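Peer 1: give the three-dimensional model of this entry:
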Amino acid sequence: MNLDEDAVRGALRSLSDQFMARSAGGDSRVAKYEHRVNELFNFHRHEIAVLCVLLLRGLQTLGELRARTERLYAFEDLDSVHSAINLLMKREPPLVAVLPRQPGTKESRYMHLLSGSLADSAASTTGTAQREHYTAATPQRESDSARSARITSLESEVAALRQELADLREQFAAFRKQFQ
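Peer 2: Numbering: from 1, shown residues only. Okay, here's the model as predicted:
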């Protein structure tokens, strides 16, 4: 991510206007800022740690959350991570949601809801893993005609890729003959 100084200043100004950040002051030559999320929303450190990791890394299991929050908050065990998740899920509105366990995985994954509901998050998400997990979490029924049209489209795409691969193999063989 590349941000210019004006974009950062604009974001800080916006956060300051919403009382979500403030100048940290001090004797430094460089202006420093701090968040005020814990003051505004009455978060505990373990809740902030979980939210930070979910915001930065996307979908996470309890074990991943425990390992990745270590520098922000040292959870004693998975039960303490689970209790932090439950606190965030019980807030009004909920800030975290659990997604059903995916086939072939041992554990369920959790996602933040700070950017909206599960449907909103899936629509705006660009990460493949989050799209896959959301799609599996909320299966959508396809009509037979839509399914057959999709299958036909995929089959034609596979056929085109096979033809392209065959053409590339022929070109490579011809190229190779030049040096033999």
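
Peer 1: pLDDT on stretch 97-109, on average?
Peer 2: Summarised as a single mean, pLDDT over stretch 97-109 is 89.

Peer 1: to clarify, my last question referred to stretch 72-85.
Peer 2: For stretch 72-85, the mean pLDDT works out to 95.

Peer 1: who does the helix or strand hosting Ser83 touch, helix- and strand-wise?
Peer 2: When secondary structure is defined by DSSP states H and E, Ser83 falls within helix 78-90. Counting contacts by 3 or more Cβ pairs under 8 Å, 6 or more residues apart in numbering; DSSP states H and E, helix 78-90 is packed against helix 45-57, helix 62-68, strand 96-99. Every C-beta, even on glycine, is put in place using the N, C-alpha and C of the backbone.

Peer 1: can I get these in TSV with mean neighbour count and distance to His35?
Peer 2: Written out in TSV, the entries for the helices and strands packed on helix 78-90 read as follows (neighbours: other Cβ atoms under 10 Å; distance: least, Cβ to Cβ, whole Å):
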stretch	mean neighbour count	distance to His35
helix 45-57	19	9
helix 62-68	18	19
strand 96-99	17	18
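
Peer 1: make TSV from these and add distance to Gly25 to it.
Peer 2: What follows is the helices and strands packed on helix 78-90, written out as TSV (distance: least, Cβ to Cβ, whole Å):
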stretch	distance to Gly25
helix 45-57	21
helix 62-68	31
strand 96-99	33
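
Peer 1: out of the ones you listed, which comes closest to Ala84?
Peer 2: Taking Cβ to Cβ as the measure, the helices and strands packed on helix 78-90 were each checked against Ala84, and helix 45-57 came out nearest at 4.5 Å.

Peer 1: CA atoms of that closest one as PDB?
Peer 2: Taking C-alpha atoms only, helix 45-57 is exported to PDB below (Å, rounded to 0.1, in the frame of the first residue of the first chain):
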ATOM      1  CA  ARG A  45      -6.800  -5.000  25.400                       C
ATOM      2  CA  HIS A  46      -7.600  -8.500  24.500                       C
ATOM      3  CA  GLU A  47     -10.600  -7.400  22.400                       C
ATOM      4  CA  ILE A  48      -8.500  -4.800  20.500                       C
ATOM      5  CA  ALA A  49      -5.800  -7.400  19.900                       C
ATOM      6  CA  VAL A  50      -8.300  -9.800  18.300                       C
ATOM      7  CA  LEU A  51      -9.900  -7.000  16.200                       C
ATOM      8  CA  CYS A  52      -6.500  -5.700  15.000                       C
ATOM      9  CA  VAL A  53      -5.500  -9.200  13.700                       C
ATOM     10  CA  LEU A  54      -8.800  -9.800  12.100                       C
ATOM     11  CA  LEU A  55      -8.600  -6.400  10.300                       C
ATOM     12  CA  LEU A  56      -5.100  -7.000   9.200                       C
ATOM     13  CA  ARG A  57      -5.100 -10.700   8.300                       C
END
